[in-house]
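Q: Model the following, please.
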Amino acid sequence: MASSRQLKSKIRTVGNIKQITRAMQMVSATKMRKAQEVALRARPFAKKTLSLLSAISVIASEDKEQSIFLKERTQGKVCLIVVTSDKGLAGSFNGQVLRLAGQWIDAKEEEIDIVAVGKKGRDFFLRRGVTPVAEFFAFSDIVTLHDVAPVSDWIIDAYEKGTYRKVMIASTAFISSLVQKPGVHKILPLDLQELKEMVENIVPKTGKYSEWKEKESKESNASLQILEPSAKTIMETLVRGLLQVEMLHFILESNASEHSSRMIAMKNATENATSVQEELGLKLNKERQAAITQELTEISTAKEALSAQ
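A: Coordinates of the predicted model:
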């Protein structure tokens, strides 16, 4: 059984840990609120951008000479972009998306190149003996278009060179503070069905940003039927900027999910530290009571011995 001194030392250690986790919880809560606000505020913009991309894609797909961003390819490798965090202590956030990415890779019988967005993803694949072909990290807490431009530019350049026949992304969608959903989506070539599903699901169903759905105009693609010089030329001119917005959407969602997961993890750690402190306090009290009882017993025994003489 641990001595009183050892128990006091453990209680102090747990108390120090509790102070750290509580401070990290408060910091994460502040960052979480900011990241959530930015991610949710950017959703209508992302939806409008993806709607435009989808509309142009529909028209461009009818052209005799299709854009390279619409054509399905049979030659080339597959590129998987994996979005994780730079820092740890984020609960199951990184583990979920990396597990999903690993399962997706294992299910494919073809050569796959990894692009790591975030240090945790890079380190995970290096431990598996896989070296990412590109790495992007050290983004600011509030990610901007300027931050994601190198990622989208790298993807477009590699795809235009014919290096890849398909580009996928594994990232985490922010559902709520308690729920984050990892998923794998196709970026290139542009998939009209995938774009349609993203557009339909991108704005939250509840909350103040859900009102944007009701304000949305019911415009058809008819307003885009006449395009000059051509849908193909316009698409290949705009796709770099549109893909940049799409990447920003994925990373903002991931950023909000990361801070939410870290806040919950630190909250749980603080509660666990409190529980451990209470258990150690009970043990310490029992030790003290046992020591007092022992001393009283010894005094009583000594008194009886003296009385008997």
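
Q: Quick check on residue 185: phi, psi?
A: phi -130, psi 150 (degrees, to the nearest 10).

Q: If we ignore the residues flanking it in sequence, what's nearest it?
A: residue 169 (5.5 Å; CB to CB, 6 or more residues apart in numbering). No exception for glycine: its C-beta is placed from N, CA and C like everyone else's.

Q: Just grab the bridge partners of that neighbour for me.
A: Beta-bridge partners recorded for residue 169 (DSSP bridges): residue 81, residue 185.

Q: That one and residue 264: what is the separation?
A: To residue 264, residue 169 is 24 Å away according to CB to CB, to the nearest Å.

Q: is it true that the residue nearest to residue 185 touches residue 188?
A: No: at 9.9 Å, residue 169 does not count as touching residue 188 under the criterion of CB atoms under 8 Å.

Q: who has more neighbours, residue 169 and residue 264?
A: Taking other CB atoms under 10 Å, residue 169 and residue 264 do not tie; residue 169 has more neighbours (25 against 21).

Q: Enumerate every residue touching the more buried one.
A: Contact analysis of residue 169 by CB atoms under 8 Å, 6 or more residues apart in numbering lists 80-83, 184-185, 187, 250.

Q: So for it, what's the pLDDT?
A: Per-residue confidence (pLDDT) for residue 169: 94.

Q: gap between it and residue 293?
A: 66 Å.

Q: Not counting its neighbours along the chain, what's nearest residue 118?
A: Closest residue in space to residue 118, ignoring its immediate chain neighbours: residue 84 at 3.6 Å, by CB to CB, 6+ apart.

Q: What about the one you found, how many residues nearby?
A: Counted with other CB under 10 Å, the neighbours of residue 84 add up to 28.

Q: how near is it to residue 238?
A: The gap separating residue 84 from residue 238 is 29 Å, by CB to CB.

Q: out of the contacts of residue 169, which one sits closest to residue 268?
A: Among the contacts of residue 169, residue 83 lies closest to residue 268 (CB to CB), at 23.8 Å.

Q: okay, now the closest one: neighbour count?
A: The tally of other residues near residue 83 (other CB under 10 Å) stands at 27.

Q: Begin at 67, not 1, for the rest of this chat.
A: Okay, using 67 as the starting number, the last item reads as residue 149.

Q: ok, it to residue 356 distance?
A: For residue 149, the distance to residue 356 - CB to CB - is 55 Å.

Q: Which residue ranges of the stretch 67-216 of the chain form strands?
A: Using DSSP state E, counting those that start in this stretch, the strands of the stretch 67-216 of the chain run over residues 143-149, 178-183, 200-202.

Q: residues touching the closest residue to residue 316 other than its chain neighbours, list them.
A: Once flanking residues are discounted, residue 316 sits nearest to residue 237: 4.6 Å by CB to CB, 6+ apart. The contact partners of residue 237, taken as CB under 8 Å, 6+ apart, are 147-149, 163, 248-249, 251, 316-317, 319-320.

Q: Where does pLDDT dip in the stretch 267-375 of the chain?
A: 267-298, 301, 374-375 (pLDDT under 70).

Q: where exactly do the helices run in it?
A: For the stretch 267-375 of the chain, helices defined by DSSP state H, counting those that start in this stretch occupy the ranges 277-281, 297-374.

Q: between those, which one is nearest to residue 140?
A: Residue 140 lies closest to helix 297-374 among those, at 20.7 Å (CB to CB).

Q: Pull the distance from that closest one to the chain's centre.
A: Counting by CA atoms, centre = their mean, to the nearest Å, helix 297-374 is centred 21 Å from the centre of its parent chain.

Q: Show me what it is packed against.
A: Contact here means 3 or more CB pairs under 8 Å, 6 or more residues apart in numbering; DSSP states H and E; on that basis helix 297-374 packs against helix 70-126, strand 143-149, helix 159-173, helix 211-226, strand 230-240, strand 246-254.

Q: what is the mean pLDDT for the fourth one?
A: In this model, helix 211-226 has a mean pLDDT of 90.

Q: quick one: contacts of that helix?
A: Applying CB under 8 Å, 6+ apart, the set of residues contacting helix 211-226 from outside is 134-135, 145, 147, 181, 183, 200, 202, 205-206, 230, 233, 253-254, 305-306, 309-314, 317.
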